[in-house]
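> sharing a model prediction with you, sequence too.
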Amino acid sequence: MTVSVPAAGSLQQAAHQSSIGDPHAFWMKHALELVDWAQKPSTAVSTPADGNMLHKAKWFPDGKLNICYNAVDRHVEGGRGDQIAVIYDSPVTGTVRKYTYNELLREVKALARVLRRHGVVKGDTVLLYMAMVPQTLVAMLACARLGAIHSVVFGGFAPAELAKRIEDCRPKVVLSNTCGLESKCKVVPYKPLLDAALELAAFRPHATIILQREQLLVPLDPAKGECYWDTELALAAASSDEEGAGDVACEIVESDHPLYLMYTSGTTGKPKGVVRPSGPHAVALLYAQRYMYGLHPGETMFTLSDFGWTLGHSYAAYGPLLNGSTTIIYEGKPVGTPDAGQLYRVFSEHHVRVFLCAPTVVVILRRTDPDGLFRAKYDLTHMRGLFLAGERCTPEIHRWWISTISGRRVPADEPVIACGKDVCNVVSDNWWQTESGSPMTGICIGLGSSGSDAAPIKYGSAGLMLPGCDLRVLRVKEDLDEHDGVDEDPEFADCDEVGNIVAKLPMSPGFFSTLWKDDQRFFESYFRRYPGYYDTGDTGTIDSEGYVHILSRTDDVIKVAAHRLSTSSIEEIIFNHGEIAECCVVSRPDAIKGRVPMVFAALRFSPPRVPADQIKKDLVQLARERIGPIVSLYAENIVFIDRIPKTRSGKILRMMIRMMIDSVHESNVACEPSDPELCPISTPATIEDVSVKAEMWRVIVAEISD
């Protein structure tokens, strides 16, 4: 497959080609320039002699470092101690607190003393079940300081799922807080959920250290190993003073030493513990900070993500701090705390240069404030780039976000927009996964001296490949077993041909190195199907100019009468209708065509400005015009609902919806829609609002049973 890149993207193209042509020279240069090593690596990558084991390649294998030192100490030593490192902004508590690098270092050392006092040493695991508060970030850094491996679990996870993670990583200490806050009126009690998880788990930690929040004060039981956070800080400080060992030195670790475990859902029900190696991750994060996001030391980055997700780890925690920048910890939602203007307020008040969020955030803002009235209250000309990641961003949503942020109307027939010299005009999608830890594709705005040096933004794409990522699109072979088949002779797809997206091995720096204590599952899940490649699990295309288009997960492809259709391509069409606020496309069984698309959509206006039946006719017509009659979208398979089930990170729970549809269809009996307890589909641990699942079940039963 031969591709070309627009001239404006030549800097990114050159960097990519350099990283693929001579990975040793490329990555050694950046590793030595960006990271402070206790022992500098002598080589970039070590690959196994066995060609079948390329997935076990190691980056900077003989290098040694400490991530906490790179994220905090070195900036203090370099004269940035009085610079703001962290801004905690909580509209739900009405709190804004700023921490300098000096203050952050003191906080990290203090908590590291607490962990050391509880016996935590290099290689131990520490589980964090906490809210978006500064102490969570401090705890992550304290673990890294000691060489301990932290595993942050999203606060509010159901006890059964939390128990699985406790059993799997067997933490010496669990750190938690009494509650999380979703609004001024909604308190999520974490402590009772943690108690229930510990009762279910077959493993019990040495201690649980609980941060009391004034919104929920909970008495602790020392007999169960429960400790008060503030008391532990005081005891550790007093003990250190008595022993004359108040300082906590950074533990030097090997480059491939795990920095953290990040659990992602597995198809077997057992969570997969993604292991992130320290050295390669630091290099990858800093490269993306400087050259993709264009963030300079001293500038502010705002990543709207919980620390429980990879996005929060990479660019709300480690990335900005490694870069000597300022990060924002935001406790609140894009709307409702109290209004749709909170993000713009944060942009303006804290002089944010770079913003990163999921496209769902933009969808919510568009639905709540379609005319951008809240945006108009703030001067955002200081902003350099706004990036989207997590799910595919449809062109319609992308155009609205650019129009709202820049004040420039974007014509619907404009497929590409150039990045100009001015600020506040780079609004770009990028693609990465929990497994990658940093972007695999995007538009680099930091490689040149101005925005005009960056490649144009192409709507519907996730940008160009980033250095180190050698992506290919492989044809789907109909005779290959969907679950157990191995493609020993993969065929490359043509430009714009939809297929499975893979990355040529070895993986680029920063990718996961294994699954926690499960090398076999690591291989089986990601490398067995296409030998020599990492299987991303996503489908998409690469066009003639090198832009990567991510369409959907491989299991979100609908096979309609032997034709493969991506659900996201249909969603893109649905979004183009002016009455649609949000939508989700899944498949439903069909007696003649096997499966056909089913649309669940939320309307922008209540009541709708156009009759519902007319909207359905319009959507059917749009789909037939853009895709063709083979799309097989029928008005009776378009359902309007109030809310779409999502995870707390904003991803639509398509698999849950699809399983509900299949369950009702296969039962072949009339179900009672009034009783959601009859739903046989388990509740995803990441669901944002359990009540939305019940609403969806009632709708599906009513629609499928008819």
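Nice, thanks for sending it over.

> excluding its backbone neighbours, what's nearest the spatially most central residue of the chain?
In the chain, the centroid-proximal residue (C-alpha atoms, centre = their mean) is Leu311; its distance is 4.0 Å. Closest residue to Leu311 apart from its sequence neighbours, by C-beta to C-beta, 6 or more residues apart in numbering: Ser305 at 3.9 Å. All C-beta spots, glycine's among them, are computed from the backbone N, C-alpha and C.

> same check on Val120?
Ala148 (5.1 Å).

> try Arg528
Val486 (6.2 Å).

> how close does the one you found sit to Arg643?
Distance of Val486 to Arg643, computed by C-beta to C-beta, to the nearest Å: 41 Å.

> ok, Ser587 next?
21 Å.

> those two: which is more packed in?
Using other C-beta atoms under 10 Å, the more surrounded residue of Ser587 and Arg643 is Ser587, with 22 against 14.

> you'd agree the more buried one is up against Ile570?
No. The criterion here is C-beta atoms under 8 Å, and Ser587 misses it with Ile570 at 10.1 Å.

> chain center to the one helix or strand Asn500 maps to: distance?
Using DSSP states H and E, Asn500 falls within strand 499-504. How far strand 499-504 lies from its chain's middle: 20 Å, per C-alpha atoms, centre = their mean, to the nearest Å.

> what does the next helix or strand after it contact?
Going down the chain from strand 499-504, the next helix or strand is strand 514-515, by DSSP H and E. If you take C-beta atoms under 8 Å, 6 or more residues apart in numbering as the criterion, strand 514-515 is touched by Lys56, Lys272, Gly273, Val274, Val275, Arg521, Phe522, Ser525.

> kindly report the same for stretch 237-256.
Residues contacting stretch 237-256 (C-beta under 8 Å, 6+ apart): 38-39, 41, 58-66, 68-69, 73, 109-110, 112-113, 116-117, 122, 145-147, 277-280, 513.

> give me the subset of the residues you listed that lies in strands.
If you go by DSSP state E, the contacts of stretch 237-256 have Lys58, Trp59, Lys64, Leu65, Pro277 in strands.

> I'd say the second one and Met28 touch.
Right, Trp59. No. Here Trp59 does not reach Met28: they are 10.2 Å apart, not a contact under C-beta under 8 Å.

> apart from its chain neighbours, what residue comes closest to Gly279?
Ser255 (3.1 Å).

> distance of the one you found relative to Arg145?
Distance, Ser255 to Arg145, by C-beta to C-beta: 17 Å.

> repeat that for Asp429.
35 Å.

> hmm, back to that, could you list every residue that touches the residue nearest to the centre of the chain?
Neighbours of Leu311 in contact, by C-beta under 8 Å, 6+ apart: Thr303, Ser305, Leu356, Ala358, Ala389, Gly390, Ser649.

> just the buried ones out of those residues, please.
Neighbour-count burial within these applies to Thr303, Ser305, Leu356, Ala358, Ala389, Gly390, Ser649; the criterion is 16 or more other C-beta atoms under 10 Å.

> among these, which one has the lowest pLDDT?
The member of these with the lowest pLDDT is Ser649, at 71.

> now that residue. Nearest residue, chain neighbours left out?
Nearest to Ser649 is Trp309, by C-beta to C-beta, 6+ apart, at 5.0 Å.

> quick one: the one you found and Phe154 touch, right?
Yes. If you go by C-beta under 8 Å, Trp309 and Phe154 touch, sitting 7.1 Å apart.

> give me the common contacts of these two.
By C-beta under 8 Å, 6+ apart, no residue touches both Trp309 and Phe154.

> just give the nearest non-adjacent residue to Ala282, would you?
Closest to Ala282 by C-beta to C-beta, 6+ apart is Val35, at 5.1 Å.

> ok, then the element right after the helix or strand bottoming out on mean pLDDT in the chain?
Lowest by mean pLDDT, DSSP states H and E among the helices and strands of the chain is strand 563-566, with a mean of 70. Next in sequence after strand 563-566, counting helices and strands by DSSP H and E, comes helix 567-575.

> send me that next one as CSV with only the CA atoms.
C-alpha atoms of helix 567-575 as CSV (Å, rounded to 0.1, in the frame of the first residue of the first chain):
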residue,chain,number,x,y,z
THR,A,567,-21.5,0.8,12.8
SER,A,568,-19.5,4.0,13.1
SER,A,569,-19.9,4.8,9.4
ILE,A,570,-23.7,4.6,9.9
GLU,A,571,-23.5,6.6,13.0
GLU,A,572,-21.6,9.3,11.1
ILE,A,573,-24.5,9.6,8.7
ILE,A,574,-27.1,9.7,11.5
PHE,A,575,-25.2,12.5,13.2
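
> what strand or helix carries Met696?
Using DSSP H and E, Met696 falls in helix 690-705.

> which parts of that helix are buried?
Neighbour-count burial for helix 690-705 [16+ other C-beta under 10 Å]: Val692, Lys693, Ala694, Glu695, Met696, Trp697, Arg698, Val699, Ile700, Val701, Glu703, Ile704.

> would you reformat those as TSV and include pLDDT and distance to Gly21?
Formatted as TSV, those follow (pLDDT from 0 to 100; distance: C-beta to C-beta, whole Å):
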residue	pLDDT	distance to Gly21
Val692	91	49
Lys693	90	50
Ala694	89	55
Glu695	91	53
Met696	91	50
Trp697	90	53
Arg698	90	57
Val699	90	53
Ile700	90	52
Val701	89	57
Glu703	85	54
Ile704	81	54
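
> make CSV out of those residues and add distance to Pro395.
Formatted as CSV, the buried residues of helix 690-705 follow (distance: C-beta to C-beta, whole Å):
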residue, distance to Pro395
Val692, 27
Lys693, 30
Ala694, 33
Glu695, 29
Met696, 27
Trp697, 32
Arg698, 33
Val699, 28
Ile700, 29
Val701, 34
Glu703, 29
Ile704, 31
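
> looking at the residues you listed, which one is closest to Ala163?
Using C-beta to C-beta, Lys693 is the member of those that sits closest to Ala163, with 20.7 Å.

> report the mean confidence score over stretch 583-592.
Taken as a whole, stretch 583-592 has a mean pLDDT of 85.

> the chain should start at 547 in everything you say after this.
Okay, residue one is now 547; in that scheme the one you just asked about reads as stretch 1129-1138.

> alpha carbons of that stretch, as CSV, please.
Extracted in CSV, the C-alpha atoms of stretch 1129-1138 (Å, rounded to 0.1, in the frame of the first residue of the first chain):
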residue,chain,number,x,y,z
CYS,A,1129,-26.8,8.0,18.5
CYS,A,1130,-25.6,4.4,18.8
VAL,A,1131,-25.8,1.8,16.0
VAL,A,1132,-25.7,-1.9,16.8
SER,A,1133,-26.9,-4.9,14.9
ARG,A,1134,-30.0,-7.0,15.4
PRO,A,1135,-30.8,-10.4,14.0
ASP,A,1136,-32.7,-10.6,10.7
ALA,A,1137,-34.3,-13.7,9.2
ILE,A,1138,-33.3,-12.9,5.7
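
> so Tyr675 sits against Phe703, correct?
Yes. Here Tyr675 reaches Phe703: they are 7.4 Å apart, a contact under C-beta under 8 Å.

> those two: who's more crowded?
More crowded of Tyr675 and Phe703, by other C-beta under 10 Å: Tyr675, with 29 against 22.

> that one bridge partners, please.
Beta-bridge pairing for Tyr675 (DSSP bridges): Val699, Ser722.

> against Pro1055, how distant is Trp573?
6 Å.

> on that earlier part again, can you redo the contacts of Leu857 as CSV with distance to Asp741 and secondary structure?
Converted to CSV, these look like this (distance: C-beta to C-beta, whole Å; DSSP: H, G, I helix; E, B strand; the rest coil):
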residue, distance to Asp741, secondary structure
Thr849, 31, strand
Ser851, 27, coil
Leu902, 35, strand
Ala904, 31, coil
Ala935, 35, coil
Gly936, 31, coil
Ser1195, 25, coil
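
> what is the nearest of those to Pro1226?
Using C-beta to C-beta, the contacts of Leu857 come closest to Pro1226 at Ser1195, 25.5 Å.
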